[in-house]
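Visitor: Next come a sequence and a model predicted from it.
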Amino acid sequence: MGHADEYCPVDLVTALARARTLEEPGPDTPAGPAVRVWPGSPCLIPDAGPGELDLRTLLGPSLAASDGSGRLRPAPSAGALHPVDAELVVGTGCPLPPGRYGYDPLRHRVHRLGREPDGTLPGATVELSVTPQRTVSHYGHRAWPLMLLDTGHVAAALWLAARALGIEEPVLRLDGLTEHPLATLHFALPEQGGRVSQSQGAHPPMDVPAPRELLARRSAPPPLTGTPPRDVLRAVFATVVQASAGELAWCAAVGEPQPELVELAPGGTLRRLAAGEARPTLAVWAAGQAWIADAGAVLLAYGCPADADAPRIRRAHLRAGFAVHLAHLAAVRHGLAARPVGSWQQADLGAALGAAPGRDWIVHGLALGTTHSDQEKTS
């Protein structure tokens, strides 16, 4: 697993229950280095030769920071704190010699950590884990669900980069069964052809993106106003429903012309889940972010009941981050402004709709609008 001795297990069930309460985080603490400090000297990732997996180009539009502070990256992160770290297990057929490497997103370099494990496949596997201090420094006890969502977003950024580069679809593991790493993606060699379908249903209906689209992705700053057209909302719904692989349910709170909660019906149409205005309540539940009350629409992932065990908690949040990242790109491609919303307190959507309490908690959200602020986009 690599460096597992540096990882401190967490009681995730207790951590999520506490994160869902109204308890406020304490004062900020030091976040530590912007990226993980890997041992040894940094190495340039060579250009790929014929038939080799192009690691340098794969990692650039998915993980590399575009500013010196490390805040601006292709995947969003709560507070732009970016706790997700990436290790590479490199097999044969890559421009780097086989072995285990730590990736530095500030310098777009790798550090050799040791030899590859026995049984390493040709190509490369990216293992995603987190440095909790970075997110805990600001969000305190609310940090763990946010870090899991961030990891899902990073997995999606890697998945999209592979599509953009014409690399065969990676084998994606978001099953939540391990604490370290939280997620992995294996990228096969170009000549190995056939798509491997162990990716647990992650085949969203999306055209191949261009690398420049991935690098240009930013979370639009609020306000995000204007109700998205119904056909665009259906397209975004279709992306998240398929990408979440049945792990979560999805709905959207919309404003004009008639405030309501809608969901995607089996035939691909939108149907009413509940009548009435939900956005002001969502603004309170989303750490009091008042601007959400005026968002054009708020897409919501919900599920992950109060009695969920740690693997299910990890799986739900990883899948939510993965699906919302793909939905973000889909929304932008349809001309919408979008911003992920990850922090939710007492957001028991099922109970609010009259169902049994503790069963259907909001896990993640994506605010959508047809217009947004002209100020600089962040995260």
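Guide: On my side now, so go ahead. What you see is a predicted model, and the numbers here were worked out from it, not measured in a lab. Residues are numbered from 1 along each chain as shown.
Visitor: what residue ranges in the stretch 251-379 of the chain are flagged as low confidence?
Guide: 372-379 (pLDDT under 70).
Visitor: which residue ranges form the strands in it?
Guide: 260-264, 270-275, 297-303, 337-341, 361-369, 371-372 (DSSP state E, counting those that start in this stretch).
Visitor: Give me the distance between the fifth one and the centre of its chain.
Guide: Between the centre of strand 361-369 and the centre of its host chain there is 12 Å, according to Cα atoms, centre = their mean, to the nearest Å.
Visitor: which other helices and strands contact it?
Guide: Under the contact definition 3 or more Cβ pairs under 8 Å, 6 or more residues apart in numbering; DSSP states H and E, strand 361-369 sits against helix 143-164, strand 224-225, helix 230-243, helix 279-285, strand 297-303, helix 310-333, strand 337-341, helix 349-352. C-beta here means a position set from N, CA and C on the backbone, and glycine is covered the same way.
Visitor: Parallel or antiparallel, list what pairs with the second one.
Guide: Going back to what we said before, that points to strand 224-225. Sheet pairing for strand 224-225, assigned by DSSP bridges, gives strand 371-372 (antiparallel).
Visitor: so what's residue 276 up against?
Guide: 259-261 (Cβ atoms under 8 Å, 6 or more residues apart in numbering).
Visitor: Only the buried subset of those, as a ChimeraX command please.
Guide: Typed into ChimeraX, the line below selects the buried ones among the contacts of residue 276, using 16 or more other Cβ atoms under 10 Å:
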select :259,260,261
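Visitor: I'd like to know which of the contacts of residue 276 is nearest to residue 246.
Guide: residue 261 (20.1 Å; Cβ to Cβ).
Visitor: Columns distance to residue 97 and mean neighbour count on top of the helices and strands packed on strand 361-369, output as JSON lines?
Guide: Below are the helices and strands packed on strand 361-369 laid out as JSON lines (distance: least, Cβ to Cβ, whole Å; neighbours: other Cβ atoms under 10 Å):
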{"stretch": "helix 143-164", "distance to residue 97": "22", "mean neighbour count": "26"}
{"stretch": "strand 224-225", "distance to residue 97": "47", "mean neighbour count": "22"}
{"stretch": "helix 230-243", "distance to residue 97": "34", "mean neighbour count": "20"}
{"stretch": "helix 279-285", "distance to residue 97": "50", "mean neighbour count": "19"}
{"stretch": "strand 297-303", "distance to residue 97": "41", "mean neighbour count": "26"}
{"stretch": "helix 310-333", "distance to residue 97": "31", "mean neighbour count": "26"}
{"stretch": "strand 337-341", "distance to residue 97": "37", "mean neighbour count": "26"}
{"stretch": "helix 349-352", "distance to residue 97": "50", "mean neighbour count": "20"}
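Visitor: Can you tell me which of the ones you listed is nearest to residue 99?
Guide: helix 143-164 (19.5 Å).
Visitor: Sheet partners, orientation included, of whichever helix or strand comes after the closest one?
Guide: Sequence-wise, the next helix or strand downstream of helix 143-164 (DSSP states H and E) is strand 171-173. Partners of strand 171-173 in the sheet, by DSSP bridges, are strand 183-187 (antiparallel).
Visitor: Need the contact partners of the strand it pairs with.
Guide: Under Cβ under 8 Å, 6+ apart, the answer for strand 183-187 is 53, 58, 121, 123-128, 151-152, 154-155, 158-159, 162, 167-168, 170-174, 318.
Visitor: count of neighbours near residue 132?
Guide: 16 (other Cβ atoms under 10 Å).
Visitor: ugh, typo on my part, it should be residue 118
Guide: When neighbours are counted by other Cβ under 10 Å, residue 118 registers 5.
Visitor: going forward, begin numbering at 219 instead of 1
Guide: Right, with 219 as the first residue, what we last looked at is residue 336.
Visitor: Can I get the strands of the stretch 469-597 of the chain in CSV including distance to residue 425?
Guide: Formatted as CSV, those follow (distance: least, Cβ to Cβ, whole Å):
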stretch, distance to residue 425
strand 478-482, 20
strand 488-493, 22
strand 515-521, 20
strand 555-559, 17
strand 579-587, 19
strand 589-590, 24
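Visitor: Could you point out which of the ones you listed sits nearest residue 506?
Guide: Nearest to residue 506 among the strands of the stretch 469-597 of the chain is strand 555-559; the distance by Cβ to Cβ comes to 11.8 Å.
Visitor: got the angle for the closest one vs strand 515-521?
Guide: In terms of direction (axes from the mean of the first three to the mean of the last three Cα atoms, to 10 degrees), strand 555-559 departs from strand 515-521 by 30 degrees.
Visitor: who does strand 555-559 pair up with?
Guide: strand 579-587 (antiparallel).
Visitor: got the angle between the partner strand and helix 361-382?
Guide: 50 degrees.
Visitor: My understanding was that residue 312 contacts residue 270; is that so?
Guide: Yes. Between residue 312 and residue 270 a contact is recorded at 5.9 Å, counting by Cβ atoms under 8 Å.
Visitor: higher neighbour count, these two?
Guide: With neighbours defined as other Cβ under 10 Å, residue 312 and residue 270 compare such that residue 312 has more, 23 against 18.
Visitor: Please name the residues that touch the more buried one.
Guide: Taking Cβ under 8 Å, 6+ apart, we find residue 312 in contact with 266, 270-271, 273, 341-342.
Visitor: And residue 465, by the same measure?
Guide: Counting by Cβ under 8 Å, 6+ apart, residue 465 makes contact with 521, 533-534, 537-538.
Visitor: Now with 6 Å, please.
Guide: 533-534, 537 (Cβ atoms under 6 Å, 6 or more residues apart in numbering).
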